[in-house]
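*Asks:* Quick one: sequence plus predicted model below, questions after.
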Amino acid sequence: MRFTISQIAAAIGMEAEGDLDLTILRATEPADAGPGDLALAMSPKYAEALGQGKARAALLWPGADWQEMGLKAAILVPRPRLAMAGLTAMLDPGQGVEPGIHPSAVIDPSAVIGADVRIGPLSVVGARARIGDGAVIGPHCVIGMDAVLGQGAWLREMVSIGARVTIGDRFIAQPGARIGGDGFSFVTPEVSGAENARKTLGDQGEAKAQAWTRIHSLGSVEIGDDVEVGANCTVDNGTIRNTRIGDGSKLDNLVHVGHNTRVGRDCLLCGQTGVSGSVQIGNNVVLGGQTGVVDNIFIGDGVISGGGTKILSNVPAGRVIMGYPGVKMETHTEIYKAQRRLPRLMRDLDALKKAVFKPGSSD
Amino acid sequence: MRFTISQIAAAIGMEAEGDLDLTILRATEPADAGPGDLALAMSPKYAEALGQGKARAALLWPGADWQEMGLKAAILVPRPRLAMAGLTAMLDPGQGVEPGIHPSAVIDPSAVIGADVRIGPLSVVGARARIGDGAVIGPHCVIGMDAVLGQGAWLREMVSIGARVTIGDRFIAQPGARIGGDGFSFVTPEVSGAENARKTLGDQGEAKAQAWTRIHSLGSVEIGDDVEVGANCTVDNGTIRNTRIGDGSKLDNLVHVGHNTRVGRDCLLCGQTGVSGSVQIGNNVVLGGQTGVVDNIFIGDGVISGGGTKILSNVPAGRVIMGYPGVKMETHTEIYKAQRRLPRLMRDLDALKKAVFKPGSSD
Amino acid sequence: MRFTISQIAAAIGMEAEGDLDLTILRATEPADAGPGDLALAMSPKYAEALGQGKARAALLWPGADWQEMGLKAAILVPRPRLAMAGLTAMLDPGQGVEPGIHPSAVIDPSAVIGADVRIGPLSVVGARARIGDGAVIGPHCVIGMDAVLGQGAWLREMVSIGARVTIGDRFIAQPGARIGGDGFSFVTPEVSGAENARKTLGDQGEAKAQAWTRIHSLGSVEIGDDVEVGANCTVDNGTIRNTRIGDGSKLDNLVHVGHNTRVGRDCLLCGQTGVSGSVQIGNNVVLGGQTGVVDNIFIGDGVISGGGTKILSNVPAGRVIMGYPGVKMETHTEIYKAQRRLPRLMRDLDALKKAVFKPGSSD
């Protein structure tokens, strides 16, 4: 499918210059661009690469002299990644799920399927599940009984949505995402060593070896509007109340959210982040890749954690943290610098000891 | 389904007080409770919330004056989470897998299916696989050839069990769990840089760049009774001997257990924990979320690791550890406190140096 | 299936001694070996165990006196794991995917299926997808539209390959691997707190709370020859250019590779390693388990990281690193030793302060 420069400009909400009727087929990196491509060169550092390609149209940085570059048309964009959002949404060729419900899908007769829903081969929809209008469900998905999926959902292949999960509009799930597995919740008949060690910060006490008894999840998962979940990520059911993901929050691949946890709105949980059970996360929180969060704490609005941070205690709103355990970014930087100087410090201290506690004095 | 207070008391092994024939439909948090609900208020801190709801029956802390609170019936529980285990098992509404074998399932004629087995839509059971009595297999599962699944198994959707895996009774698997993938085992024709670096703790030596040759897994996975594995977790086949998970052990979501590793009985491996190959883990071990364990070490009985611990060497029985690398909890706390004081220590040392090595002296 | 000692010797490229026509059925650990087994005892430390078993043939260490041990035949191997590669490839009993295309598979009529391809029950192959000769596709796989899978691929169950992904020859995928999920890429209309914090290393500035807009992935994934990907691992589509995995590289279970990232040839990414987007990884790189790599950096050829390393900046070729943040292995060891000495150092410093700044002097 081809788009004109003016259609593209409209999609990204910017003004185009030059030949607005020029059509393009796809977007490419500047050096790879052919005459039918739109080159993406939104910073002066790509100017040279642009010259190596054959683009006749480009997205460029503000102030770029596109005519000088031999282009026929250009759109100047002050915030490149924002322009990318509109552009890529327009050009996305999708995954090819056909209209209608594939004959191999297994749909319970009591399920309520909205208008214009697409369901791919071999997907399963359980009893009384409700699928909102315009949803696209890829092949090999399972929607559990009594689950609710809002309008305009887009599920890739092999997504599972457990029984009683409720999800808002415009939900996106990447392959293998698991919403509504049971929470990881076990208890021993008597106080366990792990319970003692938590209380004493390290002493197991006299606890004896015991088997674990399972606490079932009676709660489910409740997901707001405009949420996206990554490939093979997992969001567990709550024990009594529901686990919750707020409107607009996005979970990356292999992210884990434990039972009872509540994630606020417009949060980003980056790749392989793990949030334990019963955590309260505010709004607009960004957790960097491989962040870990212990159970039963709160993380305030607007908190940002660097990659690999292990959050072991409450974090007040607005704080930027890093490290294991996670501390304020500037504290982390200070500690880290001091660590690098430690070996020299050891030598300095030895020299001082020699100078102060002279031979014969106690060391 | 409704239960009487006396049925509930029996399920959790406690005595009830008041109107034992009162029926309840579900359990809720105290403030949300309606007149048909059982409020969960097992600590005095929930007393106020209880007053905000409309519960007529509740689980309460020992010594609570339920009549004073206006309740008709109560069960006093000294160990709340243990009571939750019995209660939630009783009230669990399940995932709705229908009795019998769904006609869309693909069952090899040589497979042996026990009595009262349920198999959901589109599941696959391979040649000569044996499924024990009373097993419930959700939709979209794959049970490999010659695999053995004990009695009373409960598999959620999209679980895969590889060929020749053997699993005991009452196995539970959350969505997307993978038992019996091949181990990650590769070798270069000549000694590799990685091998040298391990031996020398950092020096790759003269090793040249080489391609990796695959070592296939001839072993399988052997799982005991009463084991649960989390969503999207992975347990790999052994190379020659089997990888083993002992009776009563529980793996959380996204946990990885490498080839040849042996996990003892009644262990908990929390979310995103990764155990490399050929590790020997004792009984009653608890590994906190995102723990990592290097290959070829042993971890003694009753070891507990805090969240994010990276275990790089053998750990004796009973130890509580934390950190990267994992050290005794009290050592970790001591090191951590000292780290926090490091920047001040640097300043103190500078002052000392000035005082001791006066201007003109060597620094 | 039985093999003669001479067939086994040929498979591992070594010379056999003794009765070359002796047949064996399987390989076992020395103590478990029956008379029809090949005992694996490639180091003198297994000599005793060999005596406990009933093996008549064994793989032994160079110089071993097999006749003295009562064996009928032996193969002496100087590099045991390399011998294991050839041996296990020969003895692997596989997962039992039947020849041909299972009638329950859903194959788009426009898909191009090569010669001698096996496709298991309930797998889906999309429009115009091309499957190379000799590929074995397990049950419950999804191959997206326009995807290309080379010759001799071996896919376990529940593998998903997104639309337009291209993969070379001899690809191996463990259960639940996801190739070609969409990249995790979001942008706010105005500069976000996370952008500010990155620039200033910790200060969010005045950024206001905003919702995230999605950047779609127009690129796909391009995988070379001889690549293996582990169970439940995820490799994301690129935004414009393709994400790439080079020839001969191997990804372990639960590994994540972000959008646009390029992994070179013959790399090993061990269990639960996470690589963010737009990372450039060289050839022959080995990342230990749970390594994390921040976005937009490069990692040179031959770099090795220890388990749990968090790589936060560029790493030059050939370096061996460890820690959080990852530093040269010897620096890490030095820092770690100094940390262990920190509590004592604090006490030494206090003693020095007392000695130097005597009572009455300023502290």
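*Replies:* That came in fine, so what should we check first? Quantities reported herein were computed from a predicted structural model and do not represent experimental measurements. Residues are numbered from 1 along each chain as shown, chains lettered A, B, ... in the order given.
*Asks:* Run through the helices of the stretch 51-200 of chain A in chain order.
*Replies:* Here the stretch 51-200 of chain A has its helices, by DSSP state H, counting those that start in this stretch, at A:80-91, A:193-200.
*Asks:* need those helices in a markdown table with mean pLDDT, mean neighbour count and distance to chain C, can you?
*Replies:* In this view, the C-beta of every residue, glycine as well, is placed from N, C-alpha and C. Below are those laid out as a markdown table (pLDDT from 0 to 100; neighbours: other CB atoms under 10 Å in any protein chain shown; distance: least, CB to the nearest CB, whole Å):
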| stretch | mean pLDDT | mean neighbour count | distance to chain C |
| --- | --- | --- | --- |
| helix A:80-91 | 95 | 20 | 4 |
| helix A:193-200 | 90 | 17 | 20 |
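*Asks:* Which one of those helices lies nearest to C:G176?
*Replies:* helix A:80-91 (27.2 Å; CB to CB).
*Asks:* That closest one - contacts with which helices or strands?
*Replies:* helix A:5-12, strand A:26-28, strand A:37-41, strand A:57-60, strand C:186-187, strand C:213-214 (3 or more CB pairs under 8 Å, 6 or more residues apart in numbering or on different chains; DSSP states H and E).
*Asks:* Mean neighbour count, the ones you listed: which tops it?
*Replies:* Of all the helices and strands packed on helix A:80-91, strand A:57-60 has the most neighbours on average by mean count of other CB atoms under 10 Å in any protein chain shown, namely a mean of 28.
*Asks:* now what about that strand, what contacts it?
*Replies:* A:5, A:12, A:18-19, A:22, A:24, A:27, A:30, A:33, A:37-42, A:50, A:66, A:69, A:71-77, A:80, A:83, A:87 (CB atoms under 8 Å, 6 or more residues apart in numbering or on different chains).
*Asks:* and the gap between the closest residue in space to A:G180 that isn't next to it in sequence and C:R130?
*Replies:* Nearest non-adjacent residue to A:G180, counting by CB to CB, 6 or more residues apart in numbering or on different chains: A:G162, 2.4 Å away. Separation of A:G162 from C:R130 (CB to CB, to the nearest Å): 36 Å.
*Asks:* next one: A:V165
*Replies:* In terms of CB to CB, A:V165 sits 37 Å off from C:R130.
*Asks:* Low-confidence regions, chain A specifically.
*Replies:* For chain A, applying pLDDT under 70 flags the ranges A:359-363.
*Asks:* and the residue of it nearest chain C?
*Replies:* A:M329 (3.2 Å; CB to the nearest CB).
*Asks:* Pull the number of nearby residues for that residue.
*Replies:* Neighbourhood size, A:M329 [other CB atoms under 10 Å in any protein chain shown]: 23.
*Asks:* I figured it hits C:G202, correct?
*Replies:* Yes - at 3.2 Å, A:M329 counts as touching C:G202 under the criterion of CB atoms under 8 Å.
*Asks:* Kindly point out which residues are neighbours of both of these two.
*Replies:* A:V320.
*Asks:* Just want to know which of A:V165 and C:R130 has more residues nearby.
*Replies:* Comparing A:V165 with C:R130 by other CB under 10 Å, the one with more neighbours is A:V165, at 24 against 16.
*Asks:* my guess is that one contacts A:S220, does it?
*Replies:* Yes - A:V165 lies in contact with A:S220 (CB under 8 Å); the separation is 5.3 Å.
*Asks:* Common neighbours of those two, please.
*Replies:* A:G180.
*Asks:* In the stretch 101-250 of chain A, what residue comes closest to chain B?
*Replies:* A:G202 (3.2 Å).
*Asks:* Dihedrals phi and psi, that residue?
*Replies:* phi 140, psi -10 (degrees, to the nearest 10).
*Asks:* got a list of what it touches?
*Replies:* Shown in contact with A:G202 (CB under 8 Å, 6+ apart): B:320, B:328-330, B:333.
*Asks:* quick one: contacts for A:N284?
*Replies:* By CB under 8 Å, 6+ apart, the residues touching A:N284 are A:264-267, A:301-302, C:193, C:209-210.
*Asks:* Backbone dihedrals for A:R262, please?
*Replies:* phi -120, psi 120.
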